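# could you look at this predicted model? Sequence included:
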Amino acid sequence: MKLTDTQLSAFLDNQLPSSEMDAIREALAIHPELADRLAALSQVDAQVSAFAQQIDGKPISAGLQRAAFSAPAPESTSVFTRWPWLSQRSGPVALAASVMLMFGIGLGQWMQTAPPAQENEQWAAIEAVLHSLPSGEATEVQGVTVQTYFSFTGADGQLCRAYQVRDTRARDEVACLADGHWQAVASVYQTVAGQTEYSAASASVVLDSVLNQLGASAPLTLEEERAVLARD
Amino acid sequence: MRKKSVLQAEIASSLPALRRFAFSLTTSMADADDLVQQTVERLLTRPIPEDAALLQWAFRVCRNLWIDEYRAQRVRDNALTDPQFQDTVQFHVEDQAEQALELSAVGAAMTTLPAEQHEVLVLVAVQGMSYREVSETLEIPIGTVMSRLARARVALADRLNQPAEAMH
């Protein structure tokens, strides 16, 4: 059987018809050198990804800061529409029940299970960021980059924030403030560096569901957020 | 039309991915931030289709700017010196010298790829896009995505890892 570069490359991404995938698996069983070659091709992705990650957490140039974080128009509301939940606030929102089942966990379990980050100093550093960093900004603490997305209040009035924590991989997270301490209530890993745990799209859907279950308010404006953070 | 503040918020949450994308294309941190800055300015000042996903649209804008300006710059650079030996990576740290050297080689190798292969490889390897997403972002057929990606991987594997000659 003649295997082309295109077939081998697409095999790595599981993008071939199942018959071709099977044929390459069979060829792999017969020709061990094929595995070496696939490894070499696959390594390229890891190398390119590692190269790209070098810029994460590096200070943003002054020009880019001005362009990206200039003050919004005064009458506007700061809304982070990364998640569809935000644009659906005025209408009925479907819970992503199937996705929750797929992960085999519910919000209750999430809320009882502290993420690993909470068990070490890193979480204390992240808490400090959540107490002070305005939404839309990023900072580096304890070897991770924390990117704040937006703040909101839960059904019981507690302040919550959505943000991303990133080192070699990234997780989108929601934390709420209770008795002066931030507690992560949902944490979903995203795709980074080709090491897929969950797809970014799935992460978004799961967090939408979490926000709905929390009875989240509309996102706070930056001004409202500043006032609430100063108070708490 | 998106409110400006909403758009700014969306852009802010897209910045990490955009910077990674731009850095992967330019292989220079300074050029990457310049490219992202131009991208952001364009996003804020030019109409964005209502049905466009912001990140995908931003990638398209960023990619077009890179094609227009940086590739032209690279052609001029290449006329003067082999890019393999250019100092394209400017962030070496002494205690990470070995890793930096290796990544420097990766960056240098990436600059030798034709632009159309380079961008496809970055979208798949760095951004984790599916072939369909790349096809939509670059507006090229999926078959073209597959072949360009394969050529890029083989070229870099040849240069960086081990000979990856076609098996027959």
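Cool, the structure landed. Numbers count the residues shown, from 1 in each chain, chains lettered A, B, ... in the order given.
# okay, residue 102: pLDDT?
I'll assume chain A. Model confidence at A:Met102, expressed as pLDDT, equals 28.
# the chain in question should be chain B.
According to the model's per-residue confidence, B:Glu102 sits at a pLDDT of 83.
# got it, and A:Ser90?
A:Ser90 is assigned 35 on the pLDDT scale.
# in which helix or strand would I find A:Ala218?
Secondary-structure assignment from DSSP states H and E places A:Ala218 in no helical or strand segment.
# against chain B, how distant is it?
Distance, A:Ala218 to chain B, by C-beta to the nearest C-beta, to the nearest Å: 12 Å. Quick note: C-beta positions are derived from backbone N, CA and C, even for glycine.
# and if you look at A:Gln54?
6 Å.
# hang on, that residue packs against B:Phe23?
Yes - using C-beta atoms under 8 Å, A:Gln54 makes contact with B:Phe23 at a distance of 7.2 Å.
# mutual contacts of the two, please.
Taking C-beta atoms under 8 Å, 6 or more residues apart in numbering or on different chains as the criterion, A:Gln54 and B:Phe23 both touch B:Met29.
# quick check: domain ranges of the chain?
Assuming you mean chain A. Here the domain assignment for chain A is A:5-53, A:79-231, based on automatic domain parsing.
# not what I meant, chain B
As recorded under automatic domain parsing, the domains making up chain B are B:1-80, B:113-168.
# okay, those domains in TSV with mean pLDDT and distance to chain A next?
What follows is those, written out as TSV (pLDDT from 0 to 100; distance: least, C-beta to the nearest C-beta, whole Å):
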stretch	mean pLDDT	distance to chain A
domain B:1-80	81	3
domain B:113-168	88	4
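# what would these look like in JSON lines with mean neighbour count and distance to A:Leu130?
As requested, the domains of chain B are exported to JSON lines (neighbours: other C-beta atoms under 10 Å in any protein chain shown; distance: least, C-beta to C-beta, whole Å):
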{"stretch": "domain B:1-80", "mean neighbour count": "19", "distance to A:Leu130": "16"}
{"stretch": "domain B:113-168", "mean neighbour count": "20", "distance to A:Leu130": "27"}
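# closest to A:Asp45 out of those domains?
Evaluated with C-beta to C-beta, the domains of chain B place domain B:113-168 nearest to A:Asp45, the distance being 3.9 Å.
# separation between the residue lying closest to A:Thr153 once chain neighbours are set aside and chain B?
Residue nearest to A:Thr153 in three dimensions, not counting chain neighbours: A:Ser217, with 4.5 Å by C-beta to C-beta, 6 or more residues apart in numbering or on different chains. When distance is defined by C-beta to the nearest C-beta, A:Ser217 is 16 Å away from chain B.
# residues in contact with A:Ser217?
Under the criterion of C-beta under 8 Å, 6+ apart, the contact partners of A:Ser217 comprise A:Phe152, A:Thr153, A:Gly154.
# just the closest of those residues to B:Gln56, please.
Using C-beta to C-beta, A:Phe152 comes nearest to B:Gln56 of the contacts of A:Ser217, at 25.7 Å.
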